[in-house]
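Enquirer: Here's a sequence, model it:
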Amino acid sequence: MKRRDFLKNTAIVTAATALASCDVQTELRLGSDAKNTSLPLVISTWNHGIAANKAAMEVIEAGGKAIDAVEAGVRVPESDPEMMSVGYGGLPDRDGQVTLDACIMDETGNCGAVSYLQHIKNPISVARKVMDETPHVMLSGKGAFDFAIEKGFKKENLLTDEAERRWKEWLKESKYQPIINIENHDTIGMLAIDTQGTISGACTTSGLAWKMNGRVGDSPIIGAGMFVDNEVGGACATGLGELVMKTLGSFLIVELMRQGRNPQEACEEAVNRIVSKQEYKDMQVGYLAIDKEGNYGAYAIHPGFNYALHAAGENKMHNAASFVTK
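Expert: Take a look at the predicted model:
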C-alpha cells in the first residue's frame, strides 16, 4: 500500500472510531428512559404546577429570563389560599403559626433563600431579594421578616379561616403523622429553560402541617430542595424534607447528570439512596430533573407523585414512576 493511501485509510478509521465513541457516550448519557422535549420548557411539581407553569411560560415567551419565570410561576400557588401547602393559606405548625420556606437559584449560581418566614405572602420574592441585594444566601425568622418589610413587602395574616379550622380540628387529638401525597399537593418546585438556553429553579412551601414550631425542611436549602448548574441541568424535590436533606437529593441528581446519567436515571438513583438507608414505608419523596438539552426525568418513592410539564405549546400533567409500584 502506498504511504499516501495508508495515511488516508488510517484517517478514515480514526474518524469512524471517534464517531462511534461519541455515539456510545451519547447513548449512555441519554439512556433508554430519557424523555426529550423542545425548548423552552417549564416543569413543576403537583397539580398546582399547571397554573404556575402558565405564568412562568408567559414570562419566557415575552422574552424574559428563566430566573424571572420561576419566580413569577411559583408566586401563583403562593398567593392562592386554596393551595394549603404553599404560602398564603398554608396549614400552620402545631402552635397555629404559618411559617414559610423558599429558595431560588439562577444560571450563574447565584441563589437566595428564606426560612421560618412569617406574615409575608410571597417568600420566593423575598428570597430573590436576598439573592440580588445582599451578600448572603439565606435569612431566617425575624431577620428575614425585618428584611422583607425593609424591602417593601406587606405584613399580612397568612392563617385563613379554613386553615385555622383544620388546625383546631387537629388539636382535638394532636396526632402528628405525615400522610403520603396528602391532597395531591405539597411543596412546589419549578425548573425552567428559557429561549437563551439558561436554567433557573425555585422551590417554596409552608412545610409540614402541624410541624414542631421552628422546624425547617429541605425547601429553602440549596442542594436539597432545589439545585441548578447551567452547565448540566437542574433538579427539585417534594415530599418529606428530612429524607431529602439527609441525602442532598437535588445536588446529587445534578452531579449524577454531570457524570453521564440522564435525568430519569439520576432521579431514580436519588430515590434509591433514600430507600437503601432510610425508613420509607410511610414517607413520600418525589424528584424532578432537567438537563441542558431538554431531557427530563421524574421519580418518587411511592405512586401518586405527578408533575406539570409546559413544552412544545402544551401544558399537561404527567404521572411519575415510583420505587414502590403498588
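
Enquirer: What residue, apart from its backbone neighbours, is nearest N306 spatially?
Expert: N319 (5.0 Å; Cβ to Cβ, 6 or more residues apart in numbering). For every residue, glycine as well, the C-beta is placed using N, CA and C.

Enquirer: tally of neighbours for that neighbour?
Expert: Residues lying near N319 (other Cβ atoms under 10 Å) number 12.

Enquirer: same thing with A113?
Expert: Should you count by other Cβ under 10 Å, A113 turns out to have 30 residues around it.

Enquirer: What helices and strands are in contact with the one helix or strand it maps to?
Expert: In the assignment (DSSP states H and E), A113 maps to strand 111-117. Here strand 111-117 touches strand 100-105, helix 123-133, strand 138-140, helix 141-150, going by 3 or more Cβ pairs under 8 Å, 6 or more residues apart in numbering; DSSP states H and E.

Enquirer: The same query, at a cut-off of 10 Å, please.
Expert: strand 100-105, helix 123-133, strand 138-140, helix 141-150, strand 199-205, strand 226-229 (3 or more Cβ pairs under 10 Å, 6 or more residues apart in numbering; DSSP states H and E).

Enquirer: Now R75. Nearest residue, chain neighbours left out?
Expert: Here the residue nearest R75, using Cβ to Cβ, 6+ apart, is N122, at 5.3 Å.

Enquirer: could you dump the strand holding A113 to PDB, C-alpha only?
Expert: The C-alpha trace of strand 111-117 is given here as PDB (Å, rounded to 0.1, in the frame of the first residue of the first chain):
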ATOM      1  CA  CYS A 111     -29.100  32.000  45.000                       C
ATOM      2  CA  GLY A 112     -31.200  33.200  47.800                       C
ATOM      3  CA  ALA A 113     -33.400  31.700  50.500                       C
ATOM      4  CA  VAL A 114     -35.600  32.400  53.400                       C
ATOM      5  CA  SER A 115     -36.700  30.100  56.200                       C
ATOM      6  CA  TYR A 116     -39.200  30.300  59.100                       C
ATOM      7  CA  LEU A 117     -40.600  33.400  57.500                       C
END
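
Enquirer: and the end-to-end length of stretch 293-311?
Expert: End-to-end span of stretch 293-311 (Cα to Cα, to the nearest Å): 13 Å.

Enquirer: Of all the helices and strands packed on strand 111-117, which one comes closest to L159?
Expert: Closest to L159 of these, according to Cβ to Cβ: strand 100-105, at 11.9 Å.

Enquirer: what comes up buried for the closest one?
Expert: For strand 100-105, the neighbour count (16 or more other Cβ atoms under 10 Å) marks L100, D101, A102, C103, I104, M105 as buried.

Enquirer: ok, the last one to G143 distance?
Expert: In this view, M105 and G143 are 21 Å apart by Cβ to Cβ, to the nearest Å.

Enquirer: repeat for the fifth one
Expert: Applying Cβ to Cβ, the value for I104 to G143 is 18 Å.

Enquirer: pLDDT weak spots in the protein?
Expert: 1-34, 176-185 (pLDDT under 70).

Enquirer: Show me the residue at the heart of it, geometrically.
Expert: By Cα atoms, centre = their mean, the mean C-alpha position of the chain lies nearest to C236, the distance being 2.5 Å.

Enquirer: Under a three-state scheme, what state does the nearest residue to that one once chain neighbours are set aside occupy?
Expert: Spatial nearest neighbour of C236, chain neighbours left out: G189 (2.9 Å); criterion: Cβ to Cβ, 6+ apart. Secondary structure, DSSP: H, G, I helix; E, B strand; the rest coil: G189 is strand.

Enquirer: give me the beta-bridge partners of G189?
Expert: C203 (DSSP bridges).

Enquirer: same thing with the one 4 residues further on?
Expert: Beta-bridge pairing for I193 (DSSP bridges): L41, I199.

Enquirer: dump the residue contacts of it.
Expert: By Cβ atoms under 10 Å, 6 or more residues apart in numbering, the residues touching I193 are 37, 39-43, 60, 66, 69, 107, 199-200, 230, 233-234, 290-294, 296, 311.

Enquirer: any idea how far it lies from A66?
Expert: Relative to A66, and taking Cβ to Cβ, I193 is found at 6 Å.

Enquirer: One more: E78?
Expert: Taken as Cβ to Cβ, the span from E78 to A66 is 18 Å.

Enquirer: Please identify which of these two sits among more neighbours.
Expert: A66 (31 against 27).

Enquirer: my guess is that one contacts V59, does it?
Expert: Yes - in this structure A66 lies within contact range of V59 using Cβ atoms under 10 Å: 8.7 Å.

Enquirer: could you check the angle strand 188-193 makes with the helix or strand hosting the residue nearest to the centre of the chain?
Expert: Applying DSSP H and E as the criterion places C236 in strand 233-239. Interaxial angle, strand 233-239 versus strand 188-193 (axes from the mean of the first three to the mean of the last three Cα atoms, to 10 degrees): 170 degrees.
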